[in-house]
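S.K.: The sequence and its predicted three-dimensional model are supplied below.
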Amino acid sequence: MKTFCTSAALAIALCTLPLQAQDHGHLRIGAASTNQGAALYFFNGADFATNSLYVKTLIFTNAGRYAGYYQGNITLTVQAATPDYAGPEPDAPALGSYIRARILSVTGPAAGAFAFWETGATTPTISVATGQTGTNSFNVTQTDGFPGADPFGHVHGRRLAVTKSGIYAVTLQAFDTSTNGLIGGPIHTPSEPITVYFQGGVNIQSIEPDTSSDVIRVRFGALAGFNWSVQYTPDLTNTWQSTHPVMGNDAFIESMHQTPLGQRNYYRLLGTPIEP
């Protein structure tokens, strides 16, 4: 099966993909120590932060609960502290802490929005428009937050979604809302924020000519499970030329091709599913 995309001259191209391409990762929350005042942090945040070039592709859905949205998931989890939840895991937060996460800000396409859907929800539970900040939060810990309770959390069935195609940068923060710390307050201080890329569909992020040569560099979000080629033509009536295909890895990758300096090209992406 081949999936073709719309295109524009030296502009962003979008590719709509089948639902079976969907997958999710686990963004894990830990703590610097179990001491009072120790900060939470994203245990594997380096794998998800924007400087890693990771991008989570959200898939357009035209029927059912998420109709009209690009949706998918990254599951936020909390490191388990006890054997009851397959722990202890490294840097688990203190017993009795209760971890939540909030969406601090969203950047992306104009008039777009990023949304969190609780398990079973029929409308977005939290929605933050691009260019806006937010304070609404959702629980990550699954236990009751009583003194001595494991702060572990790993909730399935939730969804993250965007309303428009394009690339979004979403900033998240983890914090402790327990009352088991000093003077009835939380045990842990909030994490440093982390910003993660999401994309509605598969998008070209940038098209940049190398002014010292005749090379054009095209960077795009390469969904895993597909081989991707950048296709280009100076005229839509001409045959499309393809770069050598590269395997998608859920990251922004760069494809290069030679073209005469000053030539105007149209670009699109071709994704071919990798057979199991």
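M.R.: Good, I have the coordinates.

S.K.: I'd say Phe146 and Gly96 touch.
M.R.: Yes - at 7.1 Å, Phe146 counts as touching Gly96 under the criterion of C-beta atoms under 8 Å. Where you see a C-beta, it was placed from the backbone N, CA and C, and this is true even at glycine.

S.K.: More neighbours: which of these two?
M.R.: Gly96 (22 against 12; other C-beta atoms under 10 Å).

S.K.: Next, the more buried one: phi, psi?
M.R.: Backbone torsions of Gly96, given as degrees, to the nearest 10, read phi 90, psi -10.

S.K.: returning to that earlier point: what sits in contact with each of Phe146 and Gly96?
M.R.: Asn180 (C-beta atoms under 8 Å, 6 or more residues apart in numbering).

S.K.: Walk me through the domains of the chain.
M.R.: 8-12+202-273, 22-200 (automatic domain parsing).

S.K.: Save those domains as JSON lines, and put in mean pLDDT too.
M.R.: Shown next, in JSON lines, are the domains of the chain (pLDDT from 0 to 100):
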{"stretch": "domain 8-12+202-273", "mean pLDDT": "88"}
{"stretch": "domain 22-200", "mean pLDDT": "96"}
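
S.K.: Buried deepest among those, which one?
M.R.: Compared across those, domain 22-200 shows the largest average neighbour count, a mean of 18 (mean count of other C-beta atoms under 10 Å).

S.K.: beta partners of His257?
M.R.: On the basis of DSSP bridges, His257 is bridged to Ile216.

S.K.: That one against Ile216, yeah?
M.R.: Yes - between His257 and Ile216 there is a contact under C-beta under 8 Å: 5.7 Å.

S.K.: Does anything pack onto the longest strand seen in the chain? Which helices or strands?
M.R.: Using DSSP state E to define each element, the chain has its longest strand at strand 166-176. Judged by 3 or more C-beta pairs under 8 Å, 6 or more residues apart in numbering; DSSP states H and E, the packing partners of strand 166-176 are strand 40-42, strand 99-107, strand 194-200, strand 202-209.

S.K.: From the chain's centroid, how far away is that strand?
M.R.: 9 Å (C-alpha atoms, centre = their mean, to the nearest Å).
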